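>>> generate coordinates for the sequence data below:
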Amino acid sequence: MLKQEIKTIFCRVSNCSTTVYGAFDPIQEIADICEKYNLWLHVDAAWGGGLLMSRKHRHKLNGIERANSVTWNPHKMMGVLLQCSAILVREKGILQGCNQMCAGYLFQQDKQYDVSYDTGDKAIQCGRHVDIFKFWLMWKAKGTVGFENQINKCLELAEYLYTKIKNREEFEMVFEGEPEHTNVCFWYIPPSLRGMPDCDERREKLHRVAPKIKALMMESGTTMVGYQPQGDKVNFFRMVISNPAATKSDIDFLIEEIERLGQEL
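Presented below is the predicted three-dimensional model:
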């Protein structure tokens, strides 16, 4: 069955991590399959790539070195100013080979300098900002250890939030187990729904809770937390921690604020 399906596949994309739940695909196992069937392995590490800076958490991306290509957005977990995105490829020259148009009015081969510095022909958009410079400058200022501390702190705060709410009757986790990344997904259960059996009426009411609390947060000007549905799951809060200035006190305030605003729902 797998061989029959492979006939129509040329690329396998692995998520590291997913946008909503912060889940990491098992790259090593996927890479084994890709090598066996000669498939291109692309790792979408736009959100989770920053964990490579952390000796404590980089194991979640084990096998990424086996990918043919990787996308990484330092403007996400790393906190670099927008826009800052990168695509890394294993095979030297492949971007040039895929994208170059050899425009004669731009990329003359008889210039007085080394024309390999004309990198515009590697990119789809040709002319663009040097977005990597701000990442380089930030890396020089913080250092690898500085980035590591920043990332570890964000993951510690996510664990702190998860630990504080996982066993409280006011909250219900969206999925079992500890979050792999800084995405903490949960429902706030107002007093009117506690003890109510799972049914369509309860789900309909719970679906309206997160949007209402979010609206009250905005009206109060206190905090902002995203919410969304996912598949058959009704609206839930998706707290994503990537701000290096955040503290445990901020997490405590967030929990208290959700409880305060949702108490009468």
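>>> now do the strands in the stretch 51-200 of the chain.
For the stretch 51-200 of the chain, strands defined by DSSP state E, counting those that start in this stretch occupy the ranges 69-72, 86-89, 171-173, 183-188.
>>> could you dump the ones you listed to JSON lines with distance to M53?
In this view, the C-beta of every residue, glycine as well, is placed from N, C-alpha and C. Shown next, in JSON lines, are the strands of the stretch 51-200 of the chain (distance: least, Cβ to Cβ, whole Å):
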{"stretch": "strand 69-72", "distance to M53": "11"}
{"stretch": "strand 86-89", "distance to M53": "14"}
{"stretch": "strand 171-173", "distance to M53": "28"}
{"stretch": "strand 183-188", "distance to M53": "18"}
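>>> closest to S116 out of these?
Closest of those to S116 is strand 86-89, at 16.4 Å (criterion: Cβ to Cβ).
>>> burial of V20, as a residue count?
Using other Cβ atoms under 10 Å, V20 has 18 neighbouring residues.
>>> dump the residue contacts of it.
N183, C185, Q228, Q230, R238 (Cβ atoms under 8 Å, 6 or more residues apart in numbering).
>>> how about 6 Å then?
Q230 (Cβ atoms under 6 Å, 6 or more residues apart in numbering).
>>> A strand includes it, no?
No: checked against DSSP: H, G, I helix; E, B strand; the rest coil, V20 lies outside a strand; its state is coil.
>>> wait, is M239 part of a helix?
No: secondary structure of M239 (three-state DSSP): strand, not part of a helix.
>>> quick one: it from R208, how far?
19 Å (Cβ to Cβ, to the nearest Å).
>>> of the two, which one has the most company?
M239 (23 against 12).
>>> what sits closest to the more buried one if chain neighbours are left out?
V184 (4.5 Å; Cβ to Cβ, 6 or more residues apart in numbering).
>>> swap in G63?
G63 sits nearest to I27 (Cβ to Cβ, 6+ apart), 3.4 Å away.
>>> count of residues packed around that neighbour?
I27, neighbours per other Cβ under 10 Å, totals 23.
>>> what does G226 give?
Neighbours around G226, by other Cβ under 10 Å: 12.
>>> tell me who's in contact with it.
Shown in contact with G226 (Cβ under 6 Å, 6+ apart): R238.
>>> next, give phi and psi for it.
Per-residue torsions, G226: phi -80, psi 160 (degrees, to the nearest 10).
>>> what about it, distance to T8?
36 Å.
>>> give me the low-pLDDT residue ranges for the protein?
1-7 (pLDDT under 70).
>>> which residue is nearest the middle of it?
Nearest to the centroid of the C-alpha atoms of the chain, with distances taken as Cα atoms, centre = their mean, sits W47, at 2.6 Å.
>>> sec struct for that residue, please.
Classified using three-state DSSP, W47 is coil.
>>> which one's the longest helix in the chain?
Ranked by number of residues, the top helix in the chain under DSSP state H is helix 132-165.
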